[in-house]
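> Model the structure of this input:
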Amino acid sequence: MKDCLKLIEILEVSTTAPSGYNLQPWQVVVVIDKEKKKKLKEICYNQQKVEDASANVVIIANTRAGFDNVDRVLDSWIELGYIQASAKEQLKETIHIGWSDPQRAKKKAVRDAALFAMNLMITARAYGLETHPMEGYNEVKLREFLELKEHQEPIMIIAIGYKDPNKTLLPRAYRFKFEEFGKVV
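From the prediction side, this is the model:
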(Lines give C-alpha, C1' and ligand atoms only; values in the text may rest on other atoms or scores of the structure.)
Protein backbone atom coordinates (compact mmCIF):
# COMPACT_ATOMS: atom_id res chain seq x y z
CA MET A 1 0.00 0.00 0.00
CA LYS A 2 2.91 2.34 0.73
CA ASP A 3 4.10 2.18 -2.90
CA CYS A 4 0.54 2.80 -4.12
CA LEU A 5 0.37 5.94 -1.97
CA LYS A 6 3.73 7.03 -3.40
CA LEU A 7 2.41 6.53 -6.94
CA ILE A 8 -0.72 8.54 -6.15
CA GLU A 9 1.50 11.33 -4.81
CA ILE A 10 3.59 11.21 -8.01
CA LEU A 11 0.42 11.40 -10.11
CA GLU A 12 -0.89 14.35 -8.12
CA VAL A 13 2.42 16.22 -8.42
CA SER A 14 2.33 15.50 -12.16
CA THR A 15 -0.92 17.44 -12.50
CA THR A 16 1.18 20.60 -12.42
CA ALA A 17 1.69 19.97 -16.14
CA PRO A 18 0.44 22.82 -18.29
CA SER A 19 -2.84 22.56 -20.17
CA GLY A 20 -4.91 24.97 -22.21
CA TYR A 21 -7.16 26.98 -19.85
CA ASN A 22 -5.94 24.58 -17.13
CA LEU A 23 -8.63 22.09 -18.22
CA GLN A 24 -6.38 19.11 -17.42
CA PRO A 25 -7.85 16.80 -20.06
CA TRP A 26 -6.10 13.71 -18.77
CA GLN A 27 -7.30 10.65 -16.98
CA VAL A 28 -5.32 7.63 -15.84
CA VAL A 29 -5.96 4.01 -15.08
CA VAL A 30 -3.28 2.43 -12.89
CA VAL A 31 -2.90 -1.31 -13.41
CA ILE A 32 -1.21 -3.05 -10.47
CA ASP A 33 -3.12 -6.32 -10.07
CA LYS A 34 -0.97 -9.26 -11.25
CA GLU A 35 -3.75 -10.91 -13.26
CA LYS A 36 -4.73 -7.61 -14.88
CA LYS A 37 -1.07 -6.94 -15.74
CA LYS A 38 -0.94 -10.33 -17.50
CA LYS A 39 -3.99 -9.35 -19.57
CA LEU A 40 -2.48 -5.91 -20.26
CA LYS A 41 0.77 -7.59 -21.34
CA GLU A 42 -1.17 -9.52 -24.02
CA ILE A 43 -2.81 -6.27 -25.16
CA CYS A 44 0.69 -4.72 -25.35
CA TYR A 45 1.94 -7.39 -27.77
CA ASN A 46 3.52 -9.36 -24.92
CA GLN A 47 6.02 -6.71 -23.85
CA GLN A 48 7.54 -8.23 -20.70
CA LYS A 49 8.03 -4.83 -19.04
CA VAL A 50 4.24 -4.63 -18.55
CA GLU A 51 4.28 -7.62 -16.22
CA ASP A 52 7.64 -6.77 -14.61
CA ALA A 53 6.73 -3.17 -13.73
CA SER A 54 5.32 -2.33 -10.31
CA ALA A 55 2.49 -0.55 -12.10
CA ASN A 56 1.35 0.50 -15.55
CA VAL A 57 -0.27 3.87 -15.97
CA VAL A 58 -2.58 4.17 -18.94
CA ILE A 59 -2.71 7.81 -20.03
CA ILE A 60 -6.09 8.79 -21.45
CA ALA A 61 -6.99 12.03 -23.21
CA ASN A 62 -10.51 13.23 -22.35
CA THR A 63 -11.81 14.88 -25.53
CA ARG A 64 -14.76 16.27 -23.53
CA ALA A 65 -12.61 18.12 -20.98
CA GLY A 66 -13.67 21.49 -22.38
CA PHE A 67 -17.19 20.63 -21.23
CA ASP A 68 -16.54 18.22 -18.34
CA ASN A 69 -13.94 20.27 -16.45
CA VAL A 70 -14.73 23.88 -17.32
CA ASP A 71 -16.98 24.75 -14.38
CA ARG A 72 -14.60 23.41 -11.72
CA VAL A 73 -11.67 25.22 -13.32
CA LEU A 74 -13.45 28.55 -13.76
CA ASP A 75 -14.96 28.39 -10.27
CA SER A 76 -11.45 27.95 -8.86
CA TRP A 77 -10.29 30.94 -10.94
CA ILE A 78 -13.05 33.06 -9.40
CA GLU A 79 -12.20 31.84 -5.91
CA LEU A 80 -8.49 32.59 -6.42
CA GLY A 81 -9.13 35.99 -7.97
CA TYR A 82 -7.96 35.20 -11.53
CA ILE A 83 -11.28 36.34 -12.98
CA GLN A 84 -14.43 38.08 -11.79
CA ALA A 85 -17.58 35.98 -11.44
CA SER A 86 -19.19 38.15 -14.10
CA ALA A 87 -16.64 36.91 -16.67
CA LYS A 88 -17.32 33.20 -16.16
CA GLU A 89 -20.11 32.63 -18.68
CA GLN A 90 -18.36 34.47 -21.53
CA LEU A 91 -15.11 32.60 -20.89
CA LYS A 92 -17.00 29.32 -20.63
CA GLU A 93 -18.62 30.01 -24.01
CA THR A 94 -15.19 30.74 -25.55
CA ILE A 95 -13.83 27.47 -24.16
CA HIS A 96 -16.85 25.51 -25.42
CA ILE A 97 -16.36 26.93 -28.93
CA GLY A 98 -12.73 25.80 -28.87
CA TRP A 99 -13.73 22.28 -27.84
CA SER A 100 -16.81 21.92 -30.08
CA ASP A 101 -14.97 20.57 -33.12
CA PRO A 102 -14.14 16.89 -32.41
CA GLN A 103 -10.82 16.95 -34.28
CA ARG A 104 -9.68 20.10 -32.54
CA ALA A 105 -10.82 18.77 -29.15
CA LYS A 106 -8.88 15.55 -29.71
CA LYS A 107 -5.76 17.51 -30.67
CA LYS A 108 -6.04 19.67 -27.53
CA ALA A 109 -6.69 16.71 -25.24
CA VAL A 110 -3.90 14.55 -26.66
CA ARG A 111 -1.37 17.42 -26.53
CA ASP A 112 -2.13 18.24 -22.92
CA ALA A 113 -2.33 14.60 -21.81
CA ALA A 114 1.09 14.04 -23.40
CA LEU A 115 2.47 16.97 -21.37
CA PHE A 116 1.02 15.32 -18.27
CA ALA A 117 2.64 12.00 -19.26
CA MET A 118 6.06 13.62 -19.64
CA ASN A 119 5.61 15.38 -16.31
CA LEU A 120 4.73 12.00 -14.77
CA MET A 121 7.95 10.49 -16.12
CA ILE A 122 10.09 13.34 -14.81
CA THR A 123 8.35 13.32 -11.43
CA ALA A 124 8.73 9.55 -11.11
CA ARG A 125 12.48 9.89 -11.72
CA ALA A 126 12.67 12.54 -8.98
CA TYR A 127 11.04 9.99 -6.64
CA GLY A 128 13.61 7.33 -7.58
CA LEU A 129 11.48 5.35 -10.02
CA GLU A 130 12.07 4.44 -13.64
CA THR A 131 9.51 4.69 -16.42
CA HIS A 132 9.06 3.37 -19.90
CA PRO A 133 6.39 4.80 -22.22
CA MET A 134 4.74 2.46 -24.69
CA GLU A 135 2.64 3.09 -27.74
CA GLY A 136 2.64 -0.55 -28.80
CA TYR A 137 -0.76 -1.93 -27.87
CA ASN A 138 -3.96 -3.10 -29.48
CA GLU A 139 -6.25 -0.10 -29.00
CA VAL A 140 -9.48 -2.02 -29.56
CA LYS A 141 -8.57 -4.58 -26.89
CA LEU A 142 -7.29 -1.88 -24.53
CA ARG A 143 -10.57 0.02 -24.87
CA GLU A 144 -12.51 -3.15 -24.07
CA PHE A 145 -10.22 -4.04 -21.14
CA LEU A 146 -10.61 -0.60 -19.55
CA GLU A 147 -14.22 -0.10 -20.68
CA LEU A 148 -13.34 3.27 -22.19
CA LYS A 149 -16.00 5.55 -23.60
CA GLU A 150 -15.80 7.12 -27.05
CA HIS A 151 -14.46 10.44 -25.71
CA GLN A 152 -11.59 8.69 -23.88
CA GLU A 153 -8.52 8.35 -26.11
CA PRO A 154 -5.75 6.12 -24.78
CA ILE A 155 -2.49 7.77 -25.85
CA MET A 156 0.20 5.71 -24.13
CA ILE A 157 0.97 3.32 -21.34
CA ILE A 158 3.79 4.06 -18.94
CA ALA A 159 5.41 1.16 -17.11
CA ILE A 160 6.70 2.43 -13.77
CA GLY A 161 8.75 0.89 -10.99
CA TYR A 162 12.16 0.48 -9.44
CA LYS A 163 15.08 -0.52 -11.67
CA ASP A 164 16.14 -4.11 -11.24
CA PRO A 165 19.74 -3.83 -9.96
CA ASN A 166 20.57 -7.14 -11.66
CA LYS A 167 19.73 -5.82 -15.13
CA THR A 168 22.00 -3.72 -17.29
CA LEU A 169 20.30 -1.36 -19.67
CA LEU A 170 21.55 -0.92 -23.19
CA PRO A 171 23.10 2.45 -24.02
CA ARG A 172 20.71 5.19 -25.14
CA ALA A 173 19.96 4.99 -28.87
CA TYR A 174 21.02 7.76 -31.24
CA ARG A 175 19.59 11.21 -30.59
CA PHE A 176 19.41 13.80 -33.34
CA LYS A 177 21.64 16.84 -33.04
CA PHE A 178 20.03 20.28 -33.14
CA GLU A 179 21.04 20.92 -36.75
CA GLU A 180 19.19 17.75 -37.75
CA PHE A 181 15.85 18.83 -36.28
CA GLY A 182 15.95 22.57 -35.76
CA LYS A 183 16.95 25.96 -37.02
CA VAL A 184 17.28 29.42 -35.58
CA VAL A 185 15.57 32.24 -37.48
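> Report the mean confidence score over stretch 114-123.
In this model, stretch 114-123 has a mean pLDDT of 98.
> Would you mark the buried spots in it?
By neighbour count, with 16 or more other Cβ atoms under 10 Å as the criterion, the buried positions of stretch 114-123 are 114-117, 119-121, 123. Glycine gets a C-beta too; all of them are placed from N, C-alpha and C.
> from the chain's centre, how far out does that stretch sit?
7 Å (Cα atoms, centre = their mean, to the nearest Å).
> buried sites along stretch 156-175?
156-161.
> distance of residue 39 from residue 91?
43 Å (Cβ to Cβ, to the nearest Å).
> for residue 34, same thing?
46 Å.
> helices and strands around the helix of greatest length in the chain, which ones?
If you go by DSSP state H, the chain has its longest helix at helix 102-126. Secondary-structure packing of helix 102-126 (3 or more Cβ pairs under 8 Å, 6 or more residues apart in numbering; DSSP states H and E): helix 2-14, strand 26-31, strand 55-62, helix 65-68, helix 88-100, strand 130-134, strand 152-161.
> The second one to helix 102-126, inter-axis angle?
Interaxial angle, strand 26-31 versus helix 102-126 (axes from the mean of the first three to the mean of the last three Cα atoms, to 10 degrees): 50 degrees.
> worst-scoring helix or strand of this structure, pLDDT-wise?
helix 2-14 (a mean of 91; mean pLDDT, DSSP states H and E).
> what does that helix contact?
28, 30, 32, 54-55, 57, 116, 119-120, 123-124, 127, 129, 160 (Cβ atoms under 8 Å, 6 or more residues apart in numbering).
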